[in-house]
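In: Return atomic coordinates for the entry below.
(chains A and B)
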Amino acid sequence: MAEQQYQIDLGNLMAFDPHHHFPSLPSSREELVKEVLEKSTKLVQAVADALFNLPATEDPNGPIVTLPPPTTRLPREKPLPKKKPPTKWELFAKKKGIVNRKKGKLAYDEQTDSWKRRHGYDRVNDDNDIPIIEAKMTDEPGEDPFAKRRVEKKHRVEKQEKNRLQNLKQAAKVGALPSHIQLAATALPITGTQAAPRKASKNELENVAGMAATSTASGGKFDKKLLGEKPPKHEGKYRKFLPVVEGSGMGSLEKQQNDKILSKLFSKHSHEILDVEKAVNMYNVKREKKRRNQGGRSSSTTTPGKLKPNKKPYKKTSSKMGSSSNKGKSKSK
Amino acid sequence: MLEIRTPKTRRAKRAIEKRAPKLVENGKKTLILLGTKTSNVLNAILTEIYHLKKNDSVKYSRRNDNIRPFESGGEASLEFFSLKTDCSLFVFGSHSKKRPNNLVMGRTYDHHIYDLVEVGVENFKSMDSFSYDKKLAPQIGSKPFFAFIGEGFESVEELKHLKEVLLDLFRGQVVSNLSLVGLDRVYVCTAVSSNKIFFTHCALRLKRSGTVVPRMELVEVGPSMDLLVRRHRLPDESLRKETMKIAPELTKKKEKNVSGDALQGKIGRIYIPNQQVGEKVLPNKAKGVKRERREAKLKGEAKKQKQDS
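Out: Modelled structure (predicted):
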């Protein structure tokens, strides 16, 4: 009668009394513990009544009972394993009705007339053990039949590896890779042609982070530093000023440097220091302009020298300089 | 082509396969860790929980300043530890002014936090403070009984949740065969009020009662404490559904038209369609007819011959 009001989960050896509540909470702790122990003894007895009445098998160490599965449902700790999709061969075999059959570990070797292991070291019909290959009419002269066999074998192995990878990719799509591969599967190429995206290296990331950090108006001076963030590697420009005082060693370095730059410039642009065509063009255009001006306002141009420098002094000087130097040269040439 | 990295040794492969998702799971392991600050009481509790579950728990002794299970971002490190140690239960102890003697118990699913219950510990009495006959001391790894007392475990949501977590935490492995000799411990949880439970651990003494069922007697061996429920977080409903899934391979499909009987054994029922015997036209047995005719013919010839002669 009393047991009926308890909920008993025999799989977890659990009993639960959902109806009990303390009419008045015991005043002292000892009383509470005493009352609780009394109550729980009843509950445990109820579980034991069910447990000891289960059919038991005798064992030297004592009776063993078969527990029913627990009725209180508790969550799993990991998702259910997914079913591996069939490989291409398995699909084909099923279509054709090919069934796996067990092969013995040993097999008869015709070359040595003995029984050998089917796989592994010193195996049956090993390619390396063939002493003689009989020549055929179709053989090409100059070809090594042994080497040919080796190459063929290599190709077969490569093909199998490719197939295996393909099947693994298929399984990875479903999320059903074998557990021992699952952890390293990030390196699996997604497609045959595309390489997997390269992971950015630590240095690259640090550089980018540094650039981002210094891209504020203050150059990142007042920004909060992140945890583990390092100061940028190149805070400012490094300009070196060499001593200008002439001398030997360090003193001559400045001269050498400038000489180097100059000589480089000269050697590079030596052929275009004077562009003859350009110079001739400029000269022609200038002369034309001058002539037009003189012809157009011959009457009013009483003081051209006074007005012109006021208008465009820089242009005039440059043209004068250019004309004075270039004109003469170009003319002479 | 990129390489697929697989374990190089058999041992490594076995270790990885042990952690892989399985149809029938092994018992959940427990991770026990500390926050930035702990109290003496909390240290003792965590050690004793570790002792209670010695063969399937991992105890970390370092302080962790970045674990805050209830806050977003505070669980990253915890989930990593769960992955590393392959534990799906955890007990996290921390002590602060706001929440003194704080225990966070929780479960993970696929190494992500599934649910959390936070309790404060009061009136803690350690194992050492109980005096009892040491012969009764429970063996490590024995299957425990559970006794839950009080309507609070059904009516109050927090306590209902706590009950489930406590059961998951202490029940150990799910077994199908159980030796009745090895029963030696009981966890007793009593709902004292709507947010407080009294938790204690007792040893069992089996006494002869004259019948098959022995008389049970409980001896308190500790630890015993009051747990005050503070915060709790229930799992997402969709996630909960997913975790409760049963593999279709494990569920027995009902065998149709077969029934068992103690006396007759297995009984099968076969369906036979209506034979419609009355309407059936009997086949014309050609051979039989022929035979009759032949015999008639022979008779006729014999008569003729007689007449001729």
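In: what's near enough to touch A:Ala93?
Out: By Cβ atoms under 8 Å, 6 or more residues apart in numbering or on different chains, the contact list for A:Ala93 reads A:Val99, A:Asn100. (C-beta placed from N, C-alpha, C; glycine too.)
In: May I ask which helix or strand encompasses A:Phe266?
Out: In this assignment (DSSP states H and E), A:Phe266 forms part of helix A:250-269.
In: Would you mark the buried spots in the very next helix or strand once past that helix?
Out: Downstream of helix A:250-269, the first helix or strand assigned by DSSP H and E is helix A:276-296. Neighbour-count burial for helix A:276-296 flags A:Ala279, A:Met282, A:Tyr283 (criterion: 16 or more other Cβ atoms under 10 Å in any protein chain shown).
In: who touches stretch A:142-159?
Out: Contact with stretch A:142-159 is made by A:Asp127, A:Ile130, A:Ile133, A:Ala135, A:Asp139, as judged by Cβ under 8 Å, 6+ apart.
In: Return the distance of that stretch from the chain's centre.
Out: 36 Å (Cα atoms, centre = their mean, to the nearest Å).
In: cool, and stretch B:123-131?
Out: How far stretch B:123-131 lies from its chain's middle: 31 Å, per Cα atoms, centre = their mean.
In: Indicate whether that stretch makes contact with chain A.
Out: Yes. Stretch B:123-131 comes into contact with chain A (Cβ under 8 Å from any Cβ of the partner chain), by way of B:Asn123.
In: Pull up the distance across that stretch, start to finish.
Out: End-to-end span of stretch B:123-131 (Cα to Cα, to the nearest Å): 18 Å.
In: ok, back up a step: let's see which of the contacts of stretch A:142-159 end up in helices.
Out: Counting by DSSP state H, the contacts of stretch A:142-159 place none of their members in helices.
In: Dump those residues to a markdown table, plus pLDDT, distance to B:Thr211 and neighbour count.
Out: Shown next, in a markdown table, are the contacts of stretch A:142-159 (pLDDT from 0 to 100; distance: Cβ to Cβ, whole Å; neighbours: other Cβ atoms under 10 Å in any protein chain shown):
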| residue | pLDDT | distance to B:Thr211 | neighbour count |
| --- | --- | --- | --- |
| A:Asp127 | 78 | 76 | 11 |
| A:Ile130 | 81 | 80 | 12 |
| A:Ile133 | 85 | 85 | 12 |
| A:Ala135 | 85 | 92 | 9 |
| A:Asp139 | 83 | 92 | 12 |
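In: Could you list which of those also contact chain B?
Out: Of these, not one also sits near chain B (Cβ under 8 Å from any Cβ).
In: of all those residues, which comes closest to chain B?
Out: Taking Cβ to the nearest Cβ as the measure, chain B sits nearest to A:Asp127 out of these, at 24.4 Å.
In: want to throw the contacts of stretch A:142-159 into JSON lines with distance to A:Leu10?
Out: Below are those laid out as JSON lines (distance: Cβ to Cβ, whole Å):
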{"residue": "A:Asp127", "distance to A:Leu10": "63"}
{"residue": "A:Ile130", "distance to A:Leu10": "68"}
{"residue": "A:Ile133", "distance to A:Leu10": "73"}
{"residue": "A:Ala135", "distance to A:Leu10": "79"}
{"residue": "A:Asp139", "distance to A:Leu10": "78"}
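In: Of those, which is the nearest to A:Ser179?
Out: Among these, A:Asp127 lies closest to A:Ser179 (Cβ to Cβ), at 34.5 Å.
In: and the gap between that closest one and B:Lys297?
Out: Using Cβ to Cβ, to the nearest Å, we find A:Asp127 at a distance of 82 Å from B:Lys297.
In: coming back round to it: out of the buried residues of helix A:276-296, which one has the weakest pLDDT?
Out: Lowest pLDDT of the buried residues of helix A:276-296: A:Ala279, 88.
In: can you give me the helices for chain A?
Out: So, for chain A - with DSSP H - the helices run A:29-52, A:88-96, A:145-174, A:179-182, A:202-213, A:250-269, A:276-296, A:304-311, A:313-322, A:328-332.
In: And for the stretch 201-309 of chain B?
Out: B:237-243, B:286-308 (DSSP state H, counting those that start in this stretch).
In: Out of the ones you listed, which is closest to chain A?
Out: Of all the helices of the stretch 201-309 of chain B, helix B:237-243 sits nearest to chain A, with 3.5 Å by Cβ to the nearest Cβ.
In: okay, now A:Val33: neighbour count?
Out: Around A:Val33 sit 18 other residues, with neighbours defined as other Cβ atoms under 10 Å in any protein chain shown.
In: Quick one: residues contacting the nearest residue to it once chain neighbours are set aside.
Out: Nearest non-adjacent residue to A:Val33, counting by Cβ to Cβ, 6 or more residues apart in numbering or on different chains: B:Glu220, 6.9 Å away. By Cβ under 8 Å, 6+ apart, B:Glu220 lies in contact with A:Val33, A:Leu37, B:Phe130, B:Tyr132, B:Thr200, B:His201, B:Cys202, B:Ala203.
In: Out of these, grab the one that's most surrounded.
Out: The most crowded member of the contacts of B:Glu220, judged by other Cβ under 10 Å, is B:Cys202 (30 neighbours).
In: Can you check the pLDDT for the closest residue to A:Leu54 other than its chain neighbours?
Out: Nearest residue to A:Leu54, sequence neighbours excluded (Cβ to Cβ, 6+ apart): A:Val65, at 4.3 Å. Model confidence at A:Val65, given as pLDDT, is 92.
In: my read: A:Val65 touches A:Asp59, true?
Out: No. Using Cβ atoms under 8 Å, A:Val65 is not in contact with A:Asp59; the gap is 10.5 Å.
In: Between those two, tell me which one has more neighbours.
Out: Per other Cβ under 10 Å, whichever of A:Val65 and A:Asp59 has more neighbours is A:Val65, with 18 against 12.
In: so how far is A:Gly104 from the residue nearest to A:Lys103 when sequence neighbours are not counted?
Out: Spatially, and ignoring its direct neighbours in sequence, A:Lys103 is nearest to A:Arg118 (6.4 Å; Cβ to Cβ, 6+ apart). A:Arg118 sits 7 Å away from A:Gly104, going by Cβ to Cβ.
In: Can you give me the buried ones in the longest strand along chain B?
Out: Assignment by DSSP state E gives strand B:215-233 as the longest strand of chain B. For strand B:215-233, the neighbour count (16+ other Cβ under 10 Å) marks B:216-218, B:220-230, B:232-233 as buried.
In: Check what pLDDT the residue nearest to A:Val33 gets.
Out: B:Glu220 is assigned a pLDDT of 92 by the prediction.
In: and it, what are its bridge partners?
Out: For B:Glu220, the beta-bridge partners under DSSP bridges are B:Cys202.
In: what about it, distance to B:Pro138?
Out: For B:Glu220 relative to B:Pro138 (Cβ to Cβ), the value is 12 Å.
In: Alright, I will stop here.
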